Structures are given as C-alpha cells and as structure tokens.
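Q: Sequence and predicted structure are below.
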Amino acid sequence: MRRQDSHLQFPAFMWRPDRRASRLLGETTLLLANRYARTGSFVDPLRSRDSREILTENELLAAPPGSPMVVDDAVDLLASSYPAYRLYLVHGLRLAIQEALERPEREQVEEAFDLAVSDTCWGAMALTLGDRASRYHLRTLRACMPVVLRHWDALAEFRYIGVAPLPPVISFGEPPAAVSLEELMNERHAGLMALWLPSDPTGDPRKDIPAALDAVEALDPETLETRCLTWLAALAAEEPELRHREAMSDIDFLREEWSNLAAYEREALTSGSVGMARTILRRADRYYEPRRH
C-alpha cells in the first residue's frame, strides 16, 4: 500500500497477510524494548513536541478510507489470508516487549506501553476496541477517547471486523461481516454505559462513553463499590453455570470478595467488563464453602 500523507497511518506490521509482517513485528518489538530499557519510556525522546507518534515514517503505512480493520484475533481462525490491518497485534506487541525486557515489573511496563500508544491513532483504536482489556482499562480508555474523537470522521471510514460475540453461522475462509465504528464502540462498551450513564444512552458513543467516564469519576468509593456489587449480583443470578448461585448473588458475600480482588480486577469490573465479572464469579463459586453455624 502506498503512503499518502492525507490518510491516517498504521504500523506496517499490522497489515497482513504480508511475508514481512512477522519480521516487522520483531523489529518493532526490539526498537521499543531497547528504547524503554535505555530511557524508561516508549516515547522517542527526539520526536517533535507536536508529534504523538512513537514510530517513524518508515515503520508506518497509509490506511485509505474503506480499509478493513480486524479487531479480534479469532477472525484469523476463520480467514487468516484476508488482507486487512490487524488491530489486535498491538496487544501482541505489548506482550512481546514484556518478554524481551525480561523484567519483573511487567505491570509497570504494560501501563507505560498502554499510555504511550494510547496517544497514537492506531494504539487508541486497539485499546478502545480490543477484546483483551488492559489492566488499567479505565485510565487507558480515558486517555484513548480524546484521540479517537479527534480522528472520528476518518476512523469511521474504515470497515471493522470482529467476532466477539461469534456470529450464529461461521463460514471458514470468509471473515464476519464488517460493522460500523459506532456499532462496535456501543457493543464493546455496553457494560460501562449500562453501569454508569446517568440517563438513557443516546446511541452515540461519542457522547455516551465520555459521559459514563465522567460519571464514574464523580462517584465516591463507597457508592462506586455498591453499584458494582449490585451489578455483579444481578449477573450471578442469571449465570446458569454457578453451583452456588444464591451465595454468589448475596451482596454481603460479594463485598468480602471485592476486598480481596486485585486492583486491576476492580478496575475491570468498574469498566463493566462482563468477561471479568464472570471470571470472578466462577472463581468464587469454585472455592465457595458455606458458613457453618
């Protein structure tokens, strides 16, 4: 694909299938890992103050309007030869950097990486739409949304392909049908908006997601905890796989569980992550022991 300055640019390693893609991903991993090891930051110290990009022009490709954007890696189980930008590879890049650095502070590296790439168009899109939530999801989403909103008109021209949830009929060799940016944003952040929007959603994620984030920030910790636990209890009551559904729906029991959660688990729940909620409920259910009186 030829570079055109009027188009948004995405890392070359994200365009597949391309025989160079794996090599380019490896080169980008080494570039950013070495930069972090040397400076403690993923941001190029020589870049212009006006530049938000962490990669050079030679490492980027133009993405013309209509370009397909694969959001979830499961798409490649259905159509690995489908030509498109793979947004999910940003998460793969983060993992590869963590492994290359061989440092014990993996969470610190993850936070630094997410905050650095959230300042780029491609990083903000990957972190906002990806099904592998950051440990620092709310903080990252707050950082990403201004970037996404600034480029919304151009980003809305792309075709987004994801498989979460899976389509009812799976056809191997062909990716699922593309959806609009608005549809995908509403689907990926439905939990956040259901939990925190002070009024009914407008249907416009450009308004609803920032409003939900503002509502979370305005709450005191006790109210935030109570609302999260009420939501978790409602999910537990509808979860057929739980053996101790009544206990898992008890607010007092869930409050004890909340106190034992890791900070990133609480943040994921606060962001309305149904996947994290189910993980926590199933773990508590597995190790549940009824109190003896």
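A: Sure thing, it's come through. Residues are numbered from 1 along each chain as shown.
Q: Mean pLDDT per helix and strand in the protein: which one sits at the bottom?
A: helix 75-79 (a mean of 76; mean pLDDT, DSSP states H and E).
Q: and it, C-alpha only, in PDB?
A: Presented in PDB, the C-alpha positions along helix 75-79 are these (Å, rounded to 0.1, in the frame of the first residue of the first chain):
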ATOM      1  CA  VAL A  75     -11.000 -13.700  12.900                       C
ATOM      2  CA  ASP A  76      -7.800 -15.300  11.700                       C
ATOM      3  CA  LEU A  77      -9.100 -18.700  12.700                       C
ATOM      4  CA  LEU A  78     -11.800 -18.100  10.100                       C
ATOM      5  CA  ALA A  79      -9.900 -16.100   7.400                       C
END
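Q: Make residue 1 into 41 and carry on from there
A: New numbering, starting at 41: the last item is helix 115-119.
Q: Which residues belonging to it are considered buried?
A: Across helix 115-119, burial judged by 16 or more other Cβ atoms under 10 Å covers 115, 116, 118, 119. In this view, the C-beta of every residue, glycine as well, is placed from N, C-alpha and C.
Q: now those residues as JSON lines including distance to residue 163?
A: Compiled in JSON lines, these are given as follows (distance: Cβ to Cβ, whole Å):
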{"residue": "115", "distance to residue 163": "20"}
{"residue": "116", "distance to residue 163": "20"}
{"residue": "118", "distance to residue 163": "25"}
{"residue": "119", "distance to residue 163": "25"}
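Q: Tell me the one among these nearest to residue 254.
A: The nearest member of the buried residues of helix 115-119 to residue 254, counting by Cβ to Cβ, is residue 115 at 33.0 Å.
Q: what's near enough to touch that closest one?
A: 122, 201, 202, 203, 215, 216 (Cβ atoms under 8 Å, 6 or more residues apart in numbering).
Q: Of those, which one scores lowest on pLDDT?
A: pLDDT across these is lowest for residue 203, at 66.
Q: Name every strand pairing with whichever helix or strand comes after the least confident helix or strand of the chain and say which way it goes.
A: From helix 115-119 onward toward the C-terminus, using DSSP states H and E, the following helix or strand is strand 124-126. For strand 124-126, the paired strands and their directions (DSSP bridges) are strand 55-56 (antiparallel), strand 108-110 (parallel).
Q: quick one, which of those is packed in tightest?
A: Each of the strands paired with strand 124-126 was assessed for mean neighbour count using mean count of other Cβ atoms under 10 Å. The highest is strand 108-110, with a mean of 23.
Q: taking the mean pLDDT, what do you get for that strand?
A: Strand 108-110 shows a mean pLDDT of 92 in the predicted model.
Q: And that strand, how far out from the chain middle?
A: Strand 108-110 sits 15 Å away from the centroid of its parent chain (Cα atoms, centre = their mean, to the nearest Å).
Q: Of the buried residues of helix 115-119, just say which sits nearest to residue 137.
A: Once Cβ to Cβ is applied, the member of these that ends up nearest residue 137 is residue 116, at 21.1 Å.
Q: related to what we said a few turns ago, Serialize the strands paired with strand 124-126 to TSV and add fields for distance to residue 245.
A: Shown next, in TSV, are these (distance: least, Cβ to Cβ, whole Å):
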stretch	distance to residue 245
strand 55-56	26
strand 108-110	16
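Q: looking at these, which is closest to residue 130?
A: When the strands paired with strand 124-126 are compared (using Cβ to Cβ), the closest one is strand 108-110, at 11.6 Å.
Q: which is the next helix or strand following the helix or strand harbouring residue 223?
A: Assigned by DSSP H and E, residue 223 belongs to helix 221-228. Sequence-wise, the next helix or strand downstream of helix 221-228 (DSSP H and E) is helix 230-236.
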